[in-house]
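Colleague: Sequence and predicted model, in that order:
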Protein chains: 2
Amino acid sequence: MGTRERKQREVAEREQLFLDTARELIREDGLLNLAMARIARQCDYAVGTLYQHFASKEDLLIALATLNEQYRLELFQRVEHWQAPSRDRMFGLPVADMIFVRKYPEHFRLAQFAYTEVVWGAASETRRKQALAGSRPLGELVARIVNDAAANGDVDLKGLQANELALAPWTVTLGTHNLVHAEGVLEQYNMRDPYRLMLRHVQSMLNGLGWKPYFDPSDDTALDRKIKQLCDEVFHDLEHD
Amino acid sequence: MGTRERKQREVAEREQLFLDTARELIREDGLLNLAMARIARQCDYAVGTLYQHFASKEDLLIALATLNEQYRLELFQRVEHWQAPSRDRMFGLPVADMIFVRKYPEHFRLAQFAYTEVVWGAASETRRKQALAGSRPLGELVARIVNDAAANGDVDLKGLQANELALAPWTVTLGTHNLVHAEGVLEQYNMRDPYRLMLRHVQSMLNGLGWKPYFDPSDDTALDRKIKQLCDEVFHDLEHD
DNA sequence: TCATAAAATGAACCTGGTTCATAATTTGTA
DNA sequence: TACAAATTATGAACCAGGTTCATTTTATGA
């Protein structure tokens, strides 16, 4: 019976519309000014309809964070399937993240906020399950790259689990996003191009972890080449600046 | 004339009381549930009085973030004045941060939120100036340690500014705080003791930056010794767990 | 002791999250 | 196609919390 399926698809599409609109409104007016009524109006629906999709504002925020992560996962998957040395694939992840935040600049702030006990707790059980289920593949993907490298002899885990080792470059990336999106903080220290700096520091991090082959982080042209290669071979269809 | 001074001191003390109470309420009920009326009631003052100190809720949040940073600076200053090799002083900063978040677990979340355009913009001009002025010494302090190391031959800046190099361990620390305070995220990857992992990764990072002397991050007892030394010699009066 | 200024107060106003009785629409059946 | 039942959409109404400001209280100084 196609009617039911069509119905379901319409509902799913509307949910996507609501979330896309919410994301847009957050970008424009900030998380604090996000108003359920405005999301609904913007989409030409009544508030009540919005509440048929999301149990509360918090529920919507978790849903949005989960949806964003979905897109991030897609970028990571491209990197995983890229035919390249383990170190280059590992380096590809922060590059993917860089492209990701360009598209969803509010994501990490939102995520951090959404996983607060209060927000997390106010979301529906279903929504929370969905959020956790959505984030699992991402961790597994990264672990696969690390384990692959370990099997190859490119890196020595030295007693760490794959995820524990992966945490190192992951924190560099996450920390950078945080600082970049904190109005006025990096400006104060007059730093130029924090994202380029991030990629350089990730390379230093991988060196520090003993991930082979060694890469000279101060070699600007080599770094440019690596980035360009990723853009050409993995992210060719996504616009950069 | 002592009356005026006493008056000023009383006002300052009350402001501190309001901020301490706000911090406490945020810890208990989350940022989302922070209510101006509740802060006032808790302190046995009327809302109007609270608004004599803070132009708005956002203004209060910026003030709180600034106050917290003040305490962080104090911990950093202890590390700076510690008589130890540059690498140990650099390593002392993440350790200080670890102690800092134990006392103010909501700080980094708050800070990230407070520096959002919308919140930042809603604070009073005075408050913003105060916030920026308060954060400058922190950056300068870190830069002094890096430059000192460079002068000593402990590290080669390789074309970076001191702050740009310091960004590397700083992002590791910040990123870790983010993940630790994101409900359920690290649990999902069953990681134990993320802060210990953070310190290990900071050591790897410093190795990757070529900061001498080399430290073996997988040497657990050596890491323990370093941490213990800091706790004994720098943070002796602060309780740890 | 009293007039004036400064500070504190909290009821009242307004915005935005949430609910739910009502209206509109869809579905299934004759 | 017509109609009843079920499902879905609607937005006015309710409530919570940020903010204001007329009024009250307290402090100051002659």
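Modeller: Structure received.
Colleague: can we go C-alpha only for contacts and neighbour counts from here?
Modeller: Fine.
Colleague: Give me the distance between A:Pro217 and B:Gly210.
Modeller: Distance of A:Pro217 to B:Gly210, computed by C-alpha to C-alpha, to the nearest Å: 11 Å.
Colleague: What is the host helix or strand of A:Glu140 packed up against?
Modeller: Secondary structure assignment for A:Glu140, by DSSP states H and E: helix A:125-152. Where contact means 3 or more C-alpha pairs under 8 Å, 6 or more residues apart in numbering or on different chains; DSSP states H and E, helix A:125-152 is packed against helix A:57-81, helix A:86-103, helix A:162-180.
Colleague: And DNA strand C, is that helix touching that?
Modeller: No: applying C-alpha under 7 Å from any atom of the strand, one finds helix A:125-152 out of contact with DNA strand C, separated by at least 14.5 Å.
Colleague: Report the contact partners of the residue positioned nearest the centre of chain A.
Modeller: Residue closest to the average C-alpha location in chain A (C-alpha atoms, centre = their mean): A:Arg72, at 4.4 Å. By C-alpha atoms under 8 Å, 6 or more residues apart in numbering or on different chains, the residues touching A:Arg72 are A:Ala96, A:Asp97, A:Phe100.
Colleague: wait, isn't the first one in contact with A:Phe76?
Modeller: Just to be clear, that refers to A:Ala96. Yes: using C-alpha atoms under 8 Å, A:Ala96 is in contact with A:Phe76, at 6.5 Å.
Colleague: Counting neighbours, what do you get for the residue in chain A that DNA strand D sits nearest to?
Modeller: Nearest to DNA strand D in chain A, going by C-alpha to the nearest atom of the strand, is A:Gly48, at a distance of 3.1 Å. A count of neighbours around A:Gly48, defined by other C-alpha atoms under 10 Å in any protein chain shown, yields 12.
Colleague: Up against DNA strand C, what does chain A have?
Modeller: Within chain A, the positions adjacent to DNA strand C are A:3-4, A:7, A:33-38, A:47-48, A:51, A:55-58 by C-alpha under 7 Å from any atom of the strand.
Colleague: Among those, which pair sits farthest apart?
Modeller: Pairwise distances across the residues of chain A next to DNA strand C peak at 38.2 Å for A:Thr3 and A:Asn33 (criterion: C-alpha to C-alpha).
Colleague: Which one's more surrounded, those two?
Modeller: A side-by-side neighbour count of A:Thr3 and A:Asn33, using other C-alpha under 10 Å, places A:Asn33 first with 13 against 8.
Colleague: confidence score at that one?
Modeller: Listed pLDDT for A:Asn33 reads 86.
Colleague: who are the neighbours in contact with it?
Modeller: Neighbour list for A:Asn33: A:Ile26 [criterion: C-alpha under 8 Å, 6+ apart].
Colleague: Can you get me a residue count around A:Gln203?
Modeller: 27.
Colleague: thought it was touching A:Ser218?
Modeller: No: A:Gln203 lies out of contact with A:Ser218 (C-alpha under 8 Å); the separation is 9.6 Å.
Colleague: Which of A:Pro217 and B:Gly210 has more residues huddled nearby?
Modeller: Counted by other C-alpha under 10 Å, A:Pro217 and B:Gly210 do not tie: A:Pro217 has more neighbours, with 21 against 17.
Colleague: for the more buried one, phi and psi?
Modeller: phi -70, psi -20 (degrees, to the nearest 10).
Colleague: which residues sit in contact with the residue lying closest to it once chain neighbours are set aside?
Modeller: Among residues not flanking A:Pro217 along the chain, A:Arg200 sits closest, at 5.4 Å (C-alpha to C-alpha, 6 or more residues apart in numbering or on different chains). If a contact means C-alpha under 8 Å, 6+ apart, then A:Arg200 has A:Pro217, A:Ser218, A:Leu223 as its contacts.
Colleague: swap the cut-off to 10 Å and go again
Modeller: Contacts for A:Arg200 (C-alpha atoms under 10 Å, 6 or more residues apart in numbering or on different chains) come out as A:Pro194, A:Phe215, A:Asp216, A:Pro217, A:Ser218, A:Asp219, A:Asp220, A:Leu223, B:Ala168.
Colleague: From those residues, list just the buried residues.
Modeller: Buried members of the contacts of A:Arg200, counted by 16 or more other C-alpha atoms under 10 Å in any protein chain shown: A:Pro194, A:Phe215, A:Pro217, A:Ser218, A:Leu223, B:Ala168.
Colleague: Nearest to DNA strand C among those?
Modeller: Of the buried ones among the contacts of A:Arg200, the one sitting nearest to DNA strand C (C-alpha to the nearest atom of the strand) turns out to be A:Pro194, at 33.0 Å.
Colleague: Give me the pLDDT value at that closest one.
Modeller: 95.
Colleague: same question, the one 10 residues further on
Modeller: In this prediction, A:Ser204 carries a pLDDT score of 98.
Colleague: Ok, A:His240 next?
Modeller: 60.
Colleague: again with A:Tyr115
Modeller: As predicted, A:Tyr115 sits at a pLDDT of 86.
Colleague: go on, A:Val118?
Modeller: At A:Val118, the model reports a pLDDT of 78.
Colleague: Work out for me the element it sits within.
Modeller: Per DSSP H and E: A:Val118 is located in helix A:117-122.
Colleague: Can you mark which positions in that helix are buried?
Modeller: Quick answer for helix A:117-122 (16+ other C-alpha under 10 Å): A:Glu117, A:Val118, A:Val119, A:Trp120, A:Ala122.
Colleague: Any chance of JSON lines for those, columns distance to A:Leu138?
Modeller: Output for the buried residues of helix A:117-122, formatted as JSON lines (distance: C-alpha to C-alpha, whole Å):
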{"residue": "A:Glu117", "distance to A:Leu138": "22"}
{"residue": "A:Val118", "distance to A:Leu138": "24"}
{"residue": "A:Val119", "distance to A:Leu138": "22"}
{"residue": "A:Trp120", "distance to A:Leu138": "20"}
{"residue": "A:Ala122", "distance to A:Leu138": "25"}
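Colleague: got those residues as TSV, with distance to DNA strand D columns?
Modeller: What follows is those, written out as TSV (distance: C-alpha to the nearest atom of the strand, whole Å):
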residue	distance to DNA strand D
A:Glu117	16
A:Val118	13
A:Val119	14
A:Trp120	17
A:Ala122	14
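Colleague: so where's chain A uncertain?
Modeller: A:1-4, A:240-241 (pLDDT under 70).
Colleague: Go again with 90.
Modeller: Counting by pLDDT under 90, chain A shows low-confidence ranges at A:1-10, A:28-33, A:109, A:111-122, A:180-192, A:238-241.
Colleague: joint contacts of A:Gln203 and A:Ser218?
Modeller: B:Leu209.
Colleague: Tell me, how many residues neighbour A:Thr213?
Modeller: Check again: residue A:213 is Pro, not Thr. Other residues lying near A:Pro213 total 14 when counted by other C-alpha under 10 Å.
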